[in-house]
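Asks: predicted model follows, preceded by the sequence.
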Amino acid sequence: MRFSPIILVLAFVFGSCSTPQNEAVTHTSSKPKVLCTTSIMADWLTHISGNAFEVTALLDKGIDPHTYKPSKRDLDAIRAADVIVYHGVHLEGKIIDVLEKIEDKLIIDAAAHVPDSIIISDPNFPASKDPHYWFDTELVQFIVGDLAQQLIAAYPETVDEVMSASVNYQQEILAAADSVQKIIETIPPEQRLVITTHDALSYFARTFGMQVRTLQGASTVSEFGLREITELVDFICYNKVPAIFLENIVSPQAMESVQRGCQDKGFNVVLGPELLSDSLGPEANQDTYVEMLLFNATLLKTYLAR
């Protein structure tokens, strides 16, 4: 099952008239406060809410959501929010433990309405789901419409602003995906291979026609050791992979070890800069979701299309 932009818009328009999953929340005179777990989610909500909501992110840019534990400041921010939106699919493990105890707020699992068939599973561990679905741009368009619908259900007075902003943002994502595809197509097919520390880019690979090889699974808490490093080194050397990449939420040590292992075997693989995986970046060309997609595609082209 895939989602066409027309279906996304129609589902949003007609779905907004249906019974909401969550009851309408108590309104205040100021803008409702929407707290998102990550910078990626906060950017989505900022774009679809127009000026109707005040949107903030719980995790700063560059923070790993897999291992993050809420601080006292975070708990205060959660208490102050009217709406809390999280990615789901077990991305934010420790934060979810806190959210499950809250009963007086609108809490939205962004992946709750995503068909299981769309979510990537580990072939070796089918019960383990990959939470990095934001790299599937078609799926994100669906989620954006669904999130907008839930906001309107809770705050009906925002319907015009949120509906317009949501549709415009879906179109922006669609245009960005087309640009990313054109960039990736400039990389020779045999070199469309992304090697990083943890498996955050499988949705990107599925969407844009690449392959992924990593040391870890879809979570940074999964373990790896000498065997995994040795196997990856052998794979890189045998296939003459031109570059491997760091990530903006993961220590560079593992990939530096892989690079040294390749050098010991007489193969000089380039250690590329940080790809944006589980967080937006700090620079001007990295700090929105659309820019994240374009930044990663351009970086891959620079280091793989050689």
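Replies: Arrived safely, thanks for sending.
Asks: show me the shaky parts of the stretch 151-300 of the chain.
Replies: Scanning the stretch 151-300 of the chain for pLDDT under 70 picks out the ranges 217-224.
Asks: all strands for it, in order.
Replies: Here the stretch 151-300 of the chain has its strands, by DSSP state E, counting those that start in this stretch, at 193-196, 211-214, 243-247, 270-275.
Asks: in JSON lines, list these along with mean neighbour count.
Replies: Where you see a C-beta, it was placed from the backbone N, CA and C, and this is true even at glycine. Formatted as JSON lines, the strands of the stretch 151-300 of the chain follow (neighbours: other C-beta atoms under 10 Å):
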{"stretch": "strand 193-196", "mean neighbour count": "23"}
{"stretch": "strand 211-214", "mean neighbour count": "17"}
{"stretch": "strand 243-247", "mean neighbour count": "22"}
{"stretch": "strand 270-275", "mean neighbour count": "18"}
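Asks: what comes into contact with stretch 294-306?
Replies: Here stretch 294-306 makes contact (C-beta atoms under 8 Å, 6 or more residues apart in numbering) with 176, 179-180, 183-184, 186-188, 191-194, 201, 204, 208, 210, 242-243, 245, 270, 272-273, 275-276, 281, 285-286.
Asks: what about Tyr86, neighbour count?
Replies: 22 (other C-beta atoms under 10 Å).
Asks: partners of it in the sheet?
Replies: According to DSSP bridges, the residues that bridge with Tyr86 are Asp109.
Asks: do I have it right that it meets Ala112?
Replies: No. With contact defined as C-beta atoms under 8 Å, Tyr86 does not count as touching Ala112 (10.1 Å).
Asks: start and end of stretch 265-280, how far apart?
Replies: The first and final residues of stretch 265-280 sit 35 Å from each other (C-alpha to C-alpha, to the nearest Å).
Asks: how is the protein divided into domains?
Replies: Using automatic domain parsing, the domains assigned to the chain come out as 5-173, 181-304.
Asks: run the chain-centre distance for stretch 77-85.
Replies: When distances are taken as C-alpha atoms, centre = their mean, to the nearest Å, stretch 77-85 is centred 20 Å away from the chain's centroid.
Asks: flag every buried residue along it.
Replies: Burial within stretch 77-85, assessed by neighbour count using 16 or more other C-beta atoms under 10 Å, is assigned to Ala77, Ile78, Ala81, Asp82, Val83, Ile84, Val85.
Asks: need the strands of the stretch 151-300 of the chain in a markdown table with distance to Val55, can you?
Replies: Converted to a markdown table, the strands of the stretch 151-300 of the chain look like this (distance: least, C-beta to C-beta, whole Å):
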| stretch | distance to Val55 |
| --- | --- |
| strand 193-196 | 29 |
| strand 211-214 | 31 |
| strand 243-247 | 25 |
| strand 270-275 | 25 |
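Asks: so which of those strands is nearest Lys105?
Replies: Among the strands of the stretch 151-300 of the chain, strand 243-247 comes nearest to Lys105, with 31.9 Å by C-beta to C-beta.
Asks: adjacent strands (with direction) for the closest one?
Replies: Using DSSP bridges, strand 243-247 pairs in its sheet with strand 270-275 (parallel).
Asks: for the residue nearest to Ile107 when sequence neighbours are not counted, what are its contacts?
Replies: Spatially, and ignoring its direct neighbours in sequence, Ile107 is nearest to Ile84 (4.8 Å; C-beta to C-beta, 6 or more residues apart in numbering). By C-beta under 8 Å, 6+ apart, the contact set of Ile84 is Val34, Leu35, Cys36, Thr37, Ile78, Leu99, Ile102, Lys105, Leu106, Ile107, Ile108.
Asks: ok, now Ser279?
Replies: So Ser279 contacts Thr38, Ser39, Ile40, Leu59, Lys61, Gly62, Ile63, Asp64, Pro65, Asn248, Ile249 (C-beta under 8 Å, 6+ apart).
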